[in-house]
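**Q** Turn this into a structure:
(chains A and B)
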2 protein chains.
Amino acid sequence: MKLATLNDGTRDGQLAVVARDLKTAHLADGIAPTLQAALDDWAFIAPQLDALYQLLNQGRGQRSFDFDAANCMAPLPRACQWVAGAAYPNHVELACKAANIAAPESLRSEPPMRQGGGDFRGPHEAIALAYEQWGIDFEAGLAAITDDVAMGATPDQAHLHVKLLALVNDVTLRNLVADELAAGGGLLQAKPGASCAPVVLTPDELGDAWKGGKVHLPLRVHWNGKLVGQPHAGVDMLFNFPQLLARLCRTRPVRAGSVVGAGVVSNKDARRGYCCIAEKRYLEVLADGVASTPFMLFGDTVKVEMLGEDGKSLFGAIEQTLKQAEARKGG
Amino acid sequence: MKLATLNDGTRDGQLAVVARDLKTAHLADGIAPTLQAALDDWAFIAPQLDALYQLLNQGRGQRSFDFDAANCMAPLPRACQWVAGAAYPNHVELACKAANIAAPESLRSEPPMRQGGGDFRGPHEAIALAYEQWGIDFEAGLAAITDDVAMGATPDQAHLHVKLLALVNDVTLRNLVADELAAGGGLLQAKPGASCAPVVLTPDELGDAWKGGKVHLPLRVHWNGKLVGQPHAGVDMLFNFPQLLARLCRTRPVRAGSVVGAGVVSNKDARRGYCCIAEKRYLEVLADGVASTPFMLFGDTVKVEMLGEDGKSLFGAIEQTLKQAEARKGG
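**A** All right, here's what the predicted structure looks like:
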């Protein structure tokens, strides 16, 4: 099943079911007003959404219309919890190697996890920031959306609560990272907010590509129209989604609509390219002693997408332009 | 104006206006269904809520009823953003002194700020955790709730967006902190979730005690019925709420319903007592070389409250019992 949230002028948008081929959609207004409402009562609501999804795929939706990703908000515009894990240790290991420091000892036993703001940007929303000098970087990755998960759930138990999968671009301001880490509060200003692809899907949509709590498909990133990365999301993922989720709920119950990211996808095989500019720069430092690729410049575009075995887009694409934020005029 | 969220069986509860003396309340159902909805459209909604508040205080509410804090959820049960700053450097400085390490250099120029899960516990909800050995500690403090704040807002601009004030108990699992800091992802498992006092209020309710973006009143903490702390929230607060909020929105717009905490209240004058057990233990380490006060034990109670100049409770009280979480039985 595929779902999206349409922009209807409200802050939480309107839930719609989207056909498998992303060509048509149907409002879910008779079933649940928002994706959050659906997740709040998933066991009851999901079968109804799925019935509508089947009709839609058969061309039998009574009020179906052309699906337009440009009219989508983030699937869950206001999540009450957004946690990003670092499930691909290659990313951190490269960073540490380039900085000539030791990687954290726990990196391969306990994934670092970071909480962020749950207000997600839409798939076509501009990335608006004030200064290129902040070192503006994209970070393409996957995330799981949960229903309620009890405190202390094991990975096997948590597995059952991965209800939906999403694509995210979790922008990082690289040049703000070091100071924030030194201050000891974790990253805040360096993580100005993540964007989501228009469509979320139930794991069964991936068929055999959803296996062992991982998505076994490449994640494709275009930067200014050029394919710069297609690392495989199932390769080098040391912690799967159920493990990340179990780690989160070790000391708390996790509420419906929580979003748990796996961090930027990163393969050891550098020929797969990169899902964030920083990795390209780490490799340059290691090869040449200096990073030559600049971070994003105003006007740059980034596109994040995942294709199924049939070559068709699974989640629709995140397509964003970096623009300079207007100077503040008050209030 | 004072507001609360009543438990009506839904996850976001029902907005109510509460009389100044906390004795009566009135549903706001004709005005806004939830506190989030009110914040989403604050300029339009707040005057209507205030009109009802005036009637209620005059004993003229048409459907007023006895206010019962036991029937309250957190005022904002699912915030899309919860950020806790460390505005009272004395707390971190004591911790570092007791550990015989240097405090972060930036502590007095840039407050550490940490993002957390926005799912707040109710004022009387038990603190349910699995192991006393985690070092379970309360952390009593204040928080500001905002409407929309533009990216790049200055402290003066941000000041206007402090729409409501709240009391929080932001529980910390002290014995999980060191490993999480070492792993580099910031605190996650060590911060299992914060609770809120039943009532939030507009800053004008504090009269002269709201000055310079700070609350100039003592915060009172009872542990197992004994008053253990009444540090003054306006003293030793190095960063005020507008400064914390401006720091948060340096690289992002802040959306309505964001909650910005100032961290555990802490005075240099140790005779004021403590708002978290850790501080008592730091002082013991500094005096005796060893901490003798244990952290919370199952069955312990904690009460957090702030009284006005007239000795009456402003926000109602957080009153929680620490209980052992049941063993997981599956799912």
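
**Q** next SSE after the helix or strand of chain A with the lowest mean pLDDT?
**A** When the helices and strands of chain A are scored by mean pLDDT, DSSP states H and E, helix A:177-183 comes last with a mean of 86. The helix or strand immediately downstream of helix A:177-183 is strand A:194-196, counting by DSSP states H and E.

**Q** picking up where we left off before, now do the buried residues in the least confident helix or strand of chain A.
**A** Within helix A:177-183, the residues that qualify as buried by neighbour count (16 or more other Cβ atoms under 10 Å in any protein chain shown) are A:177, A:180, A:183. C-beta coordinates here come from the backbone N, C-alpha and C atoms, glycine included.

**Q** Please produce TSV containing the residues you listed, extended by distance to chain B.
**A** Output for these, formatted as TSV (distance: Cβ to the nearest Cβ, whole Å):
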residue	distance to chain B
A:177	11
A:180	9
A:183	5
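
**Q** So what touches the least confident helix or strand of chain A?
**A** When contacts are defined by Cβ atoms under 8 Å, 6 or more residues apart in numbering or on different chains, helix A:177-183 is touched by residues A:186-190, B:104-107, B:110, B:112, B:184.

**Q** Might you quantify the distance of it from its chain's geometric centre?
**A** 24 Å (Cα atoms, centre = their mean, to the nearest Å).

**Q** Next, the contact list for residue A:265, please.
**A** So residue A:265 contacts A:88, A:140-142, A:219, A:231-233, A:237, A:275 (Cβ under 8 Å, 6+ apart).

**Q** mind running it again at 6 Å?
**A** A:88, A:141, A:219, A:231, A:233, A:275 (Cβ atoms under 6 Å, 6 or more residues apart in numbering or on different chains).

**Q** Could you do residue A:209 as well?
**A** Residue A:209 touches A:216-217, counting by Cβ under 6 Å, 6+ apart.

**Q** how about the residues of chain A that lie near chain B?
**A** Counting by Cβ under 6 Å from any Cβ of the partner chain, the residues of chain A close to chain B are A:11, A:40, A:78, A:80-81, A:104, A:106, A:110, A:112-119, A:151-152, A:183-186, A:188-189, A:192-193, A:250-252, A:255, A:325, A:328, A:331.

**Q** Just the residues you listed: which are in strands?
**A** Counting by DSSP state E, the residues of chain A next to chain B place A:81, A:113-116 in strands.

**Q** domains of chain A?
**A** With domains defined by automatic domain parsing, chain A comprises A:2-71, A:81-324.

**Q** highest average neighbour count across these?
**A** Among the domains of chain A, domain A:81-324 has the highest mean neighbour count (mean count of other Cβ atoms under 10 Å in any protein chain shown), at a mean of 20.

**Q** Could I get the pLDDT score of the residue of the stretch 101-250 of chain A found nearest chain B?
**A** Taking Cβ to the nearest Cβ, chain B has its nearest neighbour within the stretch 101-250 of chain A at residue A:186, 2.6 Å off. Note on residue A:186: pLDDT of 83.

**Q** next one: residue A:13
**A** Residue A:13 is given a pLDDT of 98.

**Q** May I have the phi/psi pair for the residue nearest to the spatial centre of chain A?
**A** Of all residues in chain A, the one closest to the mean position by Cα atoms, centre = their mean is residue A:168, 2.1 Å from it. Dihedral pair for residue A:168: phi -130, psi 150, per degrees, to the nearest 10.

**Q** cool, and residue A:250?
**A** Here residue A:250 shows phi and psi, under degrees, to the nearest 10, equal to phi -60, psi -40.

**Q** quick one: the helices in the stretch 51-200 of chain A?
**A** With DSSP state H, counting those that start in this stretch as the criterion, the stretch 51-200 of chain A has helices at A:89-99, A:155-159, A:177-183.

**Q** Extract the CA atoms of the last one and return them as CSV.
**A** Just to be clear, that refers to helix A:177-183. Output of helix A:177-183 as CSV, limited to C-alpha atoms (Å, rounded to 0.1, in the frame of the first residue of the first chain):
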residue,chain,number,x,y,z
VAL,A,177,29.0,20.3,13.4
ALA,A,178,32.3,20.6,15.2
ASP,A,179,31.3,23.4,17.5
GLU,A,180,28.1,21.8,18.4
LEU,A,181,29.7,18.5,19.2
ALA,A,182,32.3,20.3,21.3
ALA,A,183,29.5,22.1,23.2
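
**Q** now stretch A:247-256, how far from the centre of its chain.
**A** Distance of stretch A:247-256 from its chain centroid, counting by Cα atoms, centre = their mean, is 19 Å.

**Q** average model confidence for it?
**A** Averaged across stretch A:247-256, the pLDDT comes to 97.

**Q** and the end-to-end length of it?
**A** End-to-end distance of stretch A:247-256 (Cα to Cα, to the nearest Å): 16 Å.

**Q** contacting residues around that stretch?
**A** A:39-40, A:80, A:83, A:146-151, A:153, B:119, B:189, B:192-193.

**Q** quick one on the thing from earlier: just send the helices of the stretch 51-200 of chain A back as TSV, with distance to residue A:304 too.
**A** Listed next are the helices of the stretch 51-200 of chain A as TSV, based on distance: least, Cβ to Cβ, whole Å:
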stretch	distance to residue A:304
helix A:89-99	16
helix A:155-159	25
helix A:177-183	21
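
**Q** Go through those and name the closest to residue A:23.
**A** helix A:155-159 (31.3 Å; Cβ to Cβ).

**Q** which helices and strands does that closest one pack with?
**A** helix A:241-248 (3 or more Cβ pairs under 6 Å, 6 or more residues apart in numbering or on different chains; DSSP states H and E).
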